[in-house]
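In: I'll drop the sequence and a predicted model, then ask my questions.
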Amino acid sequence: AFAPTGGVAASVRYLRAGAIASAAPDVDRYYTKEREPETRDFIMQQTMLRVKDPAASLAFYCDVLGFNLVTHREFEQWGFNVYFVAPVDPASIPSDPEERFARFCMRTPGCIELTWNYGSEGETGPVYNVGNGDATGTKDGEAVRGGFGHLGSTHRLRARDAVKRRPSCLKLRVGITVPDVYDACARFAELGCEFTKTPNSGGIKGLAFFKDPDGYLIEVLPQGSLVTKPVDHAG
C-alpha cells in the first residue's frame, strides 16, 4: 500500500483505493501546505452529539463549562430539536432567530450541536453509546470499540495574557484548556461532575477527564505545559 505524499491528487487516489498505510504517515507536508483555494472559506463549524435530556445538557454546557446557546431549532414534524452551544460573548449573539442561525451560528467555528430526539428523556438508563468501550445499544451486551474519544473547549486566557479576538476565532478542541487544571477540576467536582480521571490519577499527571450528562468524555488540559501539584481535589 502507498501513503499519500504527492498532494491532493495522490490523496484522492489513496482514499478511493481504500489503501491501508503500512506505517504512520509522513506528516511534514500537512504542517506547511497551503489551503486549496476552494477550501479557504471552509469552517469546522460543529460536532453533533445526541443527548437524552436537553435540559440537563444545556445546564451542563452553559452553566458548568460556561458556553452560551447561540441558536436552536425545533423540528416537531420530525420529532427532534437541536441546540447549538459555543464559548462566545453573549453580547455578540443576534436577537433575531434567523440572524442567530444563518449569520452567527453557521459562521462560528467549533459549536456543539446537541440533538434531542423526543421521548429519550423518559427512557431508563443511558440511551446513547459514547464510544469508549461502551455496551449501550449493542444487541449482545458486549462493549464495542467506538471511534469517539472526547470533547472540550478552548477557554479564554486571563485578561493579562489574552489576545483580543473576534467571536469567530473561539473554537472547540479535543481537550478543555484552562489556566489551572487543579482549580478547574475542583470547581467541576463541587458542581457534581463525575470524573473518570482526576489530575493526579493514572499515568499522566496534570490532566483530567470527566463526563457530561450522557457520558461523553470532556478532557481538561492546561493552557501551556503540563503542571502538577502534590494533591488534587480528590486527595
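Out: Arrived safely, thanks for sending.

In: show me the contacts for T71.
Out: For T71, the contact set (C-beta atoms under 8 Å, 6 or more residues apart in numbering) comprises F84, P97, R100, F101, F104, C105. C-beta here means a position set from N, CA and C on the backbone, and glycine is covered the same way.

In: farthest-separated two in these?
Out: F84 and P97 (12.1 Å; C-beta to C-beta).

In: Output the contacts of T71 as a markdown table; include the columns distance to R29, pLDDT and secondary structure.
Out: Output for the contacts of T71, formatted as a markdown table (distance: C-beta to C-beta, whole Å; pLDDT from 0 to 100; DSSP: H, G, I helix; E, B strand; the rest coil):
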| residue | distance to R29 | pLDDT | secondary structure |
| --- | --- | --- | --- |
| F84 | 34 | 94 | strand |
| P97 | 43 | 94 | helix |
| R100 | 39 | 94 | helix |
| F101 | 37 | 90 | helix |
| F104 | 35 | 93 | helix |
| C105 | 33 | 92 | helix |
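
In: who touches the strand or helix carrying R187?
Out: Counting by DSSP states H and E, the element that carries R187 is helix 181-190. Here helix 181-190 makes contact (C-beta under 8 Å, 6+ apart) with 64, 176, 178, 195, 198-199, 206-208, 210, 220-222, 227, 229, 232-234.

In: which of these are buried?
Out: Buried members of the contacts of helix 181-190, scored by 16 or more other C-beta atoms under 10 Å, are 64, 176, 178, 195, 198-199, 206-208, 210, 220-222, 232-233.

In: returning to what we had before: want to throw the contacts of T71 into JSON lines with neighbour count?
Out: Below are the contacts of T71 laid out as JSON lines (neighbours: other C-beta atoms under 10 Å):
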{"residue": "F84", "neighbour count": "24"}
{"residue": "P97", "neighbour count": "11"}
{"residue": "R100", "neighbour count": "19"}
{"residue": "F101", "neighbour count": "16"}
{"residue": "F104", "neighbour count": "21"}
{"residue": "C105", "neighbour count": "24"}
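
In: Report the contact partners of K205.
Out: P199, L226, T228.

In: swap the cut-off to 7 Å and go again
Out: Contacts for K205 (C-beta atoms under 7 Å, 6 or more residues apart in numbering) come out as P199, T228.

In: isn't there a strand covering it?
Out: No - K205 is assigned coil when assessed by DSSP: H, G, I helix; E, B strand; the rest coil, not a strand.

In: Need the per-residue pLDDT for it.
Out: pLDDT recorded at K205 is 94.

In: so how far is E190 from it?
Out: Counting by C-beta to C-beta, to the nearest Å, the gap from K205 to E190 is 21 Å.

In: Then S120?
Out: Distance from S120 to E190, by C-beta to C-beta: 28 Å.

In: Check T177 too.
Out: 20 Å.
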